[in-house]
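K.L.:
Could you look at this predicted model? Sequence included:
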Amino acid sequence: MIKMWVHLDYRPSVRKLARETGISEMTVRQIAKNELGLNPYNIQKAQLLTEKTKKVRLERCKLLLQWHACPDIFFTDEKIFTIKAVHNHQNYRTWTTESPLSDKLITHSQHPQSVMVWAGIWA
């Protein structure tokens, strides 16, 4: 049943499949992984590369290599690290019997304390 469902719709929801078949979600996941050899994957965004954009990229890369034909190149990069972690409301839950006001509010600064790290490599 699960194998047929996956072949009909390659993006089935495990919850929906469990609800429609009357099997628990964990059992559906185990069947899909262990017996059918399936793994869940997230769809990722990527830049659309047409033949025209591929040619343009290739020409620009060749031009860049011509400009930097000398072997001495200096690479630099910098990164700002904030001291206080960013709050993600989707991952933060409080389990209590009452709703305390102090746990409902997370304060943040417009300009948090941060450290800038700079690195350079001579090649």
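P.N.:
Structure received. Being a predicted model, the structure only gives us computed values, none of them experimental.

K.L.:
what are the ranges of the strands in this protein?
P.N.:
Using DSSP state E, the strands of the chain run over 74-82, 114-122.

K.L.:
ok, and what's touching the last one?
P.N.:
Outside of strand 114-122, the residues that reach it under the criterion C-beta atoms under 8 Å, 6 or more residues apart in numbering are Asp72, Ile73, Phe74, Phe75, Thr76, Asp77, Glu78, Lys79, Ile80, Phe81, Thr82, Ile83. Glycine gets a C-beta too; all of them are placed from N, C-alpha and C.

K.L.:
now stretch 73-87
P.N.:
By C-beta under 8 Å, 6+ apart, stretch 73-87 touches 106, 108-109, 112-123.

K.L.:
pLDDT of it, averaged?
P.N.:
Mean per-residue pLDDT for stretch 73-87: 83.

K.L.:
and if you look at stretch 16-36?
P.N.:
Averaging pLDDT along stretch 16-36 gives 86.

K.L.:
begin at 28 from here
P.N.:
Fine by me, first position is 28 from now on; the one you just mentioned is stretch 43-63.

K.L.:
And Ala58, how far from Val83?
P.N.:
To be clear, residue 58 is Ile; Ala isn't right here. Distance of Ile58 to Val83, given as C-beta to C-beta, to the nearest Å: 47 Å.

K.L.:
So if I had to pick from those two, which one is more boxed in?
P.N.:
Ile58 (17 against 12; other C-beta atoms under 10 Å).

K.L.:
and that one, how far is that from Thr48?
P.N.:
Between Ile58 and Thr48 the computed distance is 10 Å (C-beta to C-beta).

K.L.:
where do the helices sit along this structure?
P.N.:
Per DSSP state H, the chain carries helices over the ranges 29-35, 41-48, 52-57, 78-94, 128-131.

K.L.:
Count the neighbours of Leu44 for me.
P.N.:
What Leu44 shows, counting by other C-beta under 10 Å, is a neighbour count of 20.

K.L.:
returning to what we had before: in CSV, list the strands of the chain along with distance to Lys79 and mean neighbour count.
P.N.:
Below are the strands of the chain laid out as CSV (distance: least, C-beta to C-beta, whole Å; neighbours: other C-beta atoms under 10 Å):
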stretch, distance to Lys79, mean neighbour count
strand 101-109, 30, 9
strand 141-149, 34, 9
